[in-house]
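Participant: Next comes the sequence, and after it the predicted model I'd like to discuss.
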Amino acid sequence: MKETNQSRESDSRQEQREIQDAEIRETLRHIKNKILVMSGKGGVGKSSVAAYLSVTLAKSGYKVGLMDVDLHGPSIPRMLGLKGTLQPSFHPGKALPINYLPNMQVISIEPLLGEDKDVATIWRGPLKIGVIKQFLSDMEWPELDYLIIDSPPGTGDEPLTIAQVIPDAKALVVTTPQEISLADVRKSINFCRQVNMDILGVVENMSGLQCPHCGKDIELFKTRGGQIMAKQSGLRLLGSLPFEPNIVKEGDMGSMASLEDDQLSFTREFNKMVDRIVELTAKEQRLPLREKEKGLSNKIVFAVPVSEGKLCAHFGHCKQFTLIETADGKIKSQSIHTPPPHEPGVLPKWLHDLGTNIVIAGGMGASAQDLFAEKDIKVITGAPMDPPESLVNQYLSDMLITGNNVCDH
């Protein structure tokens, strides 16, 4: 009888896990871009970058969610001056994230801890994993252009859970210029490559201080460390952000007012970085109305490795590529091309010269993806073996469902 009860309990837990996994998949289906802000070292301004990135994107017209998975040291609510608690949704068992702006919602563990915000969360791995999954399954997230995820430092349970639960998340790695930070950040880069997480780029924070008296730059933590590391790792340097005392002071006060001050060098550099991130993630992203009204071109050239009229799983050894040009969300033309002999770095340059913006593939190794990233070509892996025009139409209508990245070498 005892074994029967244990078996029933095990079946019930399995059923609950399957239900939760289905809810997570449904939530993620309505989120276009997922960005994990991470670092191997604490104190580099990772949470600040996550908060400022979320607010800047939201004020640019995008729908943004900010998820704070730093369960032991949540700082996002205090940086934003976030007030209020979670409210129940119309759907049973669901709650609404806290509104920070009309088009920006936030979830963190702190609003769930009650009145004492200084209470310690002394949790082991399984409990932390469960909470992170609940942030996705039990929250009534709206349709989002971006979900920004603030992770604690290191490569432990929290970033690993994100990599497993959100397989299409991209990493934004934050560092400061000095070697002690760079050494830990290199571990974060290796972590991403081991779990097949795309790296959007590197952000060098606290990159110098402008003297308020003479205006000269002061090297607080050396200079160009992040730039050199990014180059050595084959990654983009998305921005070098100077140290700005006003930003620090306002962050302690729960204010984001300095993000509106274009006179600050930090603000100017940060806005350039955000523009770069938008550019890199804009492939299927819905442009804000104000950008559409400017009549910006949305021409995209897709490259699909093909064999017998369908996607070829062996990307590096494919004998033909179909290039499909689209504009205004519709296919305008397509052509067949024979690639040059396969050698490292040849295909990215060849496809770049043909005007390719996006590659749709079955599988591709991390080093090859980094080579395409250097050419500003977005890579989508795990695509089904469908005809190329079908894959592109699925992508344009946000219906492309991808599986695991199965590398063929």
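Facilitator: Nice, I can see it. Numbering: from 1, shown residues only.
Participant: ok, longest helix in the protein?
Facilitator: helix 2-29 (DSSP state H).
Participant: Buried ones in that helix, by neighbour count?
Facilitator: Gln20, Glu23, Ile24, Thr27, Leu28 (16 or more other CB atoms under 10 Å). Just so you know, the C-beta spots here come from the backbone N, C-alpha and C atoms, and that holds for glycine as well.
Participant: can you check stretch 85-97 too?
Facilitator: Quick answer for stretch 85-97 (16+ other CB under 10 Å): Leu86, Ala95, Leu96, Pro97.
Participant: ditto for stretch 143-155
Facilitator: In stretch 143-155, counting by 16+ other CB under 10 Å, buried: Leu144, Asp145, Tyr146, Leu147, Ile148, Ile149, Asp150, Ser151, Pro152, Pro153, Gly154, Thr155.
Participant: Quickly find the element holding Ala373.
Facilitator: helix 366-374 (DSSP states H and E).
Participant: State the pLDDT value of Gly84.
Facilitator: Looking at Gly84, its pLDDT reads 72.
Participant: Neighbours of it, how many?
Facilitator: Gly84 is flanked by 11 other residues according to other CB atoms under 10 Å.
Participant: One more: Val304?
Facilitator: Counted with other CB under 10 Å, Val304 comes out at 29.
Participant: three-state assignment of it?
Facilitator: Secondary structure, DSSP: H, G, I helix; E, B strand; the rest coil: Val304 is strand.
Participant: do you know how far the residue nearest to it when sequence neighbours are not counted is from Pro97?
Facilitator: Sequence neighbours aside, Pro388 is the residue nearest to Val304 in space, at 3.8 Å (criterion: CB to CB, 6 or more residues apart in numbering). In this view, Pro388 and Pro97 are 38 Å apart by CB to CB, to the nearest Å.
Participant: care to break the protein down by domain?
Facilitator: 25-290, 300-396 (automatic domain parsing).
Participant: Any regions of the stretch 201-350 of the chain where pLDDT drops low?
Facilitator: Scanning the stretch 201-350 of the chain for pLDDT under 70 picks out 208-213, 215, 217-225, 283-298.
Participant: what about the strands in it?
Facilitator: 209-210, 217-218, 237-240, 300-307, 310-311, 320-327, 330-337 (DSSP state E, counting those that start in this stretch).
Participant: I'd like to know which elements the fourth one is packed against.
Facilitator: Read that as strand 300-307. Contacts defined by 3 or more CB pairs under 8 Å, 6 or more residues apart in numbering; DSSP states H and E place strand 300-307 against strand 320-327, strand 358-360, helix 388-396.
Participant: hmm, back to that, which of the buried residues of stretch 143-155 has the weakest pLDDT?
Facilitator: Where pLDDT dips furthest among the buried residues of stretch 143-155: Thr155, at 79.
Participant: Please verify my assumption that it contacts Lys187.
Facilitator: Yes - here Thr155 reaches Lys187: they are 6.2 Å apart, a contact under CB atoms under 8 Å.
Participant: any common contacting residues for those two?
Facilitator: Counting by CB atoms under 8 Å, 6 or more residues apart in numbering, the contacts common to Thr155 and Lys187 are Gly40.
Participant: just to revisit the earlier point, I'd like the strands of the stretch 201-350 of the chain laid out as CSV, including distance to Lys46.
Facilitator: CSV is the format used below for these (distance: least, CB to CB, whole Å):
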stretch, distance to Lys46
strand 209-210, 19
strand 217-218, 23
strand 237-240, 14
strand 300-307, 32
strand 310-311, 37
strand 320-327, 36
strand 330-337, 40
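Participant: With that, I have no additional questions.
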